[in-house]
Each structure stands twice: as C-alpha cells, then as structure tokens.
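Trainee: Give the three-dimensional model of this entry:
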Amino acid sequence: MTDNLPTQDSYQKLVEDCNELLIEHTFRAVLEVIEGNYAVGKRILAENYDLERSKIYGESVIKRLSNDIGRSERTIRRFVNVAKFYPQLSDIISYANKEDGKTISWSKICKQLEGGVEQKETEEWVTCINCKGKGKVKK
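Mentor: Residues are numbered from 1 along each chain as shown. Model prediction:
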C-alpha cells in the first residue's frame, strides 16, 4: 500500500503545477472581465460621446444606463474613463504585463487612473504617472 505514496519531489511538483494552473486560469478570467468592461466603455463612447447631456428622458445617459443595466454610475464612468484613456485594449494588456504581470485586476486599472494620473489644466488630456501614457478622461 505504501508503494503508491508520492515522493516529496513528485508531490512538490504537483503543488507547483496546480498553483501555476490556478494562476494562469485566474489571470485569463480577470482578462475577460477587463476586456468586457473595456468593450462596454467603448460601446458607450461609440453611441454617445456627450455623456452628460440630459436629453434622454430628462436624465443623463450614465444615470439611465446605470438603472437599465444594473451597474452603479461610478462603475459606468469607470468603463468610459478607461476606454477614453486607453485607445486600444492592447495598451491595457501591455501596461498590465509590464507593471503587474499576472496580478492585474480591473480595480488596479481604475485606481491607477483615479489615483495615479496627473491632469493638465488646459485640456481633458491626462498623463499617467505610472506608464506615461496619454489619454482623455472626464475631469
């Protein structure tokens, strides 16, 4: 019976393999969330760039979308701001791989924009302190 017990080396290899699989699949799932959120932001921008107008039933587009798709106004603004700041999804992914590797998350991307961005006073353009990328975000 004891012949079937794994050796310490083979067990350690099993642990490492399982951890690597979990990290990789978790990372892929997080990337799917980031891609989905980014796509929603891009879709909103494509439909209606002036998100503050109040012509749709007396409410702003953000507020109405918030109610209709079940997300907070803050979340929708984050979708839009990330999509404005990063013109291409690949910009987010390359920044994530450079800075955070497999530990990237949507909240880290949002915090990077909200807390690590220097705003220029003359325009809506901002420069990210972390990656030096430039993009437009709502002031």
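Trainee: what residue lies at the spatial centre of the protein?
Mentor: The chain has W106 as the residue nearest its centroid, 3.4 Å off, counting by CA atoms, centre = their mean.
Trainee: Check the gap between that one and E35 for me.
Mentor: 10 Å (CB to CB, to the nearest Å). From N, CA and C alone the C-beta is placed, and that goes for glycine too.
Trainee: hang on, the residue nearest to the centre of the chain packs against E32?
Mentor: No. W106 sits out of contact with E32 when judged by CB atoms under 8 Å, with a separation of 10.5 Å.
Trainee: Let me see the contact set for I109.
Mentor: 34, 82, 92, 96 (CB atoms under 8 Å, 6 or more residues apart in numbering).
Trainee: again, only using 7 Å
Mentor: I109 makes contacts with 34, 82, 92, as judged by CB atoms under 7 Å, 6 or more residues apart in numbering.
Trainee: Would you agree the first one is in contact with L89?
Mentor: No. The pair formed by I34 and L89 falls short of the contact definition of CB atoms under 7 Å, at 8.1 Å.
Trainee: ok, the two, which is more surrounded?
Mentor: I34 (20 against 16; other CB atoms under 10 Å).
Trainee: Check the secondary structure at P6 for me.
Mentor: Using DSSP: H, G, I helix; E, B strand; the rest coil, the structure places P6 in coil.
Trainee: helix/strand/coil for L14?
Mentor: Taking three-state DSSP, the label given to L14 is helix.
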